[in-house]
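A.B. asks: Predicted coordinates and the sequence they were generated for:
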Amino acid sequence: MGTDHPGNKSVRRQRDISGLTHSYDRSTKLAKMTRAIISFDTELSAGLYQRGADARANFESSILGRCRDGDFGIGFQMDMLERHRLTGVFFVDPMPALVYGPKVIDAIVQPIVERGHEVQMHIHTEWLAFARFNPVGRFHGRNIGDFPLTAQKKLLALARDILVGAGAPKPIAFRAGNFGANDDTLRALAALGFRFDSSFNGAYRGYGCDISLDAGNLGMRTHHGVCEVPVSGLMDRASRFRPAQLCAMSEEEMRDALDHSAASGAIQFSAFSHSFELLSRDREVPNGLAIARMEALCRAVADDARITSGGFATLPGPPDRPARIAVAAPKPLRTLRRTIEQAYGHLAHEVRYVRDLIYVTVHSSRWGKIAGGVVLAIA
């Protein structure tokens with residue numbers, strides 16, 4: 001049995017110190033990087049339910065994104081994220097379980113968890129109008145913020161329990177449907193042990209989003225006991241905020257908003273979409289413009305050395321005195337380019353939707369029929 005030479009111990013000690021230093025440097029570097037949180041509000045459609053869709057039809061359209069050309073929902077979105085080695089966050093709405101039963105929520109949650117992406121909590125309280133049993137009695141509302149504090153706590157706890165029952169880890173982050181949260185929502189989340197909320201969207205301020213924060217600050221900060229993670233974006237006009245949403249921003253705007261967050265030293269860049277957003281509005285065909293925008297966002301995140309990808313599970317909280325992250329200023333030519341691109345996209349991908357809308361209008365009203373007759377006569 002050989003003895004250990006003192007020189008060998010010295011070499012090992014240097015290697016150990018070197019390894020610790022390398023680990024510390026890497027952790028420090030990661031802590032200084034901006035976390036790109038690419039999230040998807042993952043929800044069944046109350047509108048489809050009202051039009052008679054059963055659980056399977058609603059799931060196929062709203063979650064799988066199924067159309068005649070294939071599936072462009074959460075499976076497609078996870079495929080794209082994984083090609084770029086990114087992690088997505090799926091804010092899943094469990095409220096349809098009150099109408100369809102819990103199995104449909106199981107079918108949403110399980111593949112997301114199995115593929116290593118994050119499931120966090122979303123809620124659309126309009127489902128209460130169709131539920132066989134209302135857990136908050138006589139209260140109804142389109143948004144969670146429409147309810148009193150005690151009812152909010154009850155609904156949020158119920159939604160959390162349904163998600164966990166479907167196989168999700170206990171959620172630590174929340175986003176309100178329609179961004180319709182208020183300060184009581186944050187108080188309720190804090191009481192239930194949630195760490196993060198991502199319901200603050202400057203574009204919805206005064207239109208359902210009633211969280212009392214400064215819309216001109218995109219930085220994370222603690223508010224009523226939880227850390228608010230605002231939706232990122234930029235100003236597309238002097239007084240209008242454009243959120244970092246696939247259907248709202250051009251590739252150029254999204255890159256600029258991402259670059260601005262990283263250059264400002266922001267902890268996070270928060271972009272969002274929906275499980276069905278890569279389809280046309282009538283959900284009959286894929287929306288090529290939205291798909292190209294998602295691909296460009298993934299590529300921009302993957303290629304930027306200042307940006308890391310991830311969710312809320314490992315997201316560091318803000319410092320005691322977080323820096324203000326101002327919104328990027330408008331650029332009129334950039335806004336014009338997006339407006340033109342958006343118009344072309346609507347022509348390319350929404351013609352069927354507009355045609356059907358005109359058809360319904362013409363055939364469902366007396367004046368519509370008269371107008372249709374005049375157009376035919378002129379033609």
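C.D. replies: Ah, there it is. Numbers count the residues shown, from 1 in each chain.

A.B. asks: Dump the lengthiest strand in the chain to PDB, restricted to CA.
C.D. replies: In the chain, taking DSSP state E as the definition, the longest strand is strand 34-42. Extracted in PDB, the C-alpha atoms of strand 34-42 (Å, rounded to 0.1, in the frame of the first residue of the first chain):
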ATOM      1  CA  THR A  34     -30.600  37.800 -18.100                       C
ATOM      2  CA  ARG A  35     -33.100  34.900 -17.800                       C
ATOM      3  CA  ALA A  36     -35.300  34.600 -20.900                       C
ATOM      4  CA  ILE A  37     -38.600  33.200 -19.700                       C
ATOM      5  CA  ILE A  38     -40.600  32.000 -22.800                       C
ATOM      6  CA  SER A  39     -44.100  31.100 -21.600                       C
ATOM      7  CA  PHE A  40     -47.300  29.800 -23.000                       C
ATOM      8  CA  ASP A  41     -50.800  30.400 -21.500                       C
ATOM      9  CA  THR A  42     -52.100  26.800 -22.000                       C
END
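
A.B. asks: Any buried residues in the helix or strand following it, and which?
C.D. replies: Scanning forward in sequence from strand 34-42 by DSSP states H and E, the next helix or strand is helix 46-50. Under the neighbour-count criterion of 16 or more other Cβ atoms under 10 Å, helix 46-50 has 46, 48-49 buried. To be clear about C-beta, it is placed using only N, CA and C from the backbone, and glycine gets the same treatment.

A.B. asks: Of those residues, just say which sits nearest to residue 292.
C.D. replies: Ranked by distance to residue 292 (Cβ to Cβ), those are led by residue 48 at 26.3 Å.

A.B. asks: Find the nearest non-adjacent residue to that closest one, please.
C.D. replies: Excluding the flanking residues, the one nearest residue 48 by Cβ to Cβ, 6 or more residues apart in numbering is residue 58, at 4.9 Å.

A.B. asks: Hmm, residue 46 and that neighbour touching each other?
C.D. replies: No. With contact defined as Cβ atoms under 8 Å, residue 58 and residue 46 do not form a contacting pair (9.2 Å).

A.B. asks: Can you check which residues contact both of those two?
C.D. replies: Residues touching both residue 58 and residue 46 by Cβ atoms under 8 Å, 6 or more residues apart in numbering: residue 96.

A.B. asks: what does the strand or helix carrying residue 159 contact?
C.D. replies: Per DSSP H and E, residue 159 falls inside helix 149-165. By Cβ under 8 Å, 6+ apart, the residues outside helix 149-165 that reach it are 92-95, 97, 102, 105, 109, 119, 121, 123, 125, 135-136, 139, 144-145, 147, 170-171, 174, 184-185, 187-189, 191-192, 194.

A.B. asks: likewise stretch 55-67?
C.D. replies: So stretch 55-67 is in contact with 42-45, 48-49, 53, 71-76, 96, 100-101, 103-104, 107-108, 275-276, 278-280, 283-286, going by Cβ under 8 Å, 6+ apart.

A.B. asks: residue boundaries of the strands in the stretch 201-350 of the chain?
C.D. replies: With strands called from DSSP state E, counting those that start in this stretch, the stretch 201-350 of the chain shows them at 221-223, 226-228, 233-237, 240-243, 268-274, 307-309.

A.B. asks: Domain map for this structure?
C.D. replies: As recorded under automatic domain parsing, the domains making up the chain are 33-330, 332-379.

A.B. asks: mind putting the ones you listed in TSV, mean pLDDT included?
C.D. replies: Below are the domains of the chain laid out as TSV (pLDDT from 0 to 100):
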stretch	mean pLDDT
domain 33-330	97
domain 332-379	63
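
A.B. asks: Please identify the deepest-packed of these.
C.D. replies: Highest mean neighbour count among these (mean count of other Cβ atoms under 10 Å): domain 33-330, with a mean of 19.

A.B. asks: now do the same end-to-end measure for that one.
C.D. replies: 25 Å (Cα to Cα, to the nearest Å).

A.B. asks: what do you get for stretch 128-140?
C.D. replies: 7 Å.

A.B. asks: can you list contacts of it?
C.D. replies: Residues contacting stretch 128-140 (Cβ under 8 Å, 6+ apart): 46, 49-50, 95, 98-99, 125, 141, 146-148, 151, 154-155, 158.

A.B. asks: can you tell me which of the strands of the stretch 201-350 of the chain comes nearest to residue 85?
C.D. replies: Of all these, the one in closest proximity to residue 85, counting by Cβ to Cβ, is strand 307-309 (7.5 Å).

A.B. asks: partners of that closest one in the sheet?
C.D. replies: strand 34-42 (parallel) (DSSP bridges).

A.B. asks: Next, the angle from the strand it pairs with to strand 268-274.
C.D. replies: Strand 34-42 and strand 268-274 are oriented at 20 degrees to each other (axes from the mean of the first three to the mean of the last three Cα atoms, to 10 degrees).

A.B. asks: quick one: secondary structure of residue 85?
C.D. replies: With DSSP: H, G, I helix; E, B strand; the rest coil as the basis, residue 85 sits in coil.

A.B. asks: The one 4 residues further on too?
C.D. replies: Here residue 89 takes the strand state, with states given by three-state DSSP.

A.B. asks: contacting residues around it?
C.D. replies: Residue 89 neighbours (Cβ under 8 Å, 6+ apart): 37-40, 117-118, 120, 173, 311-312.
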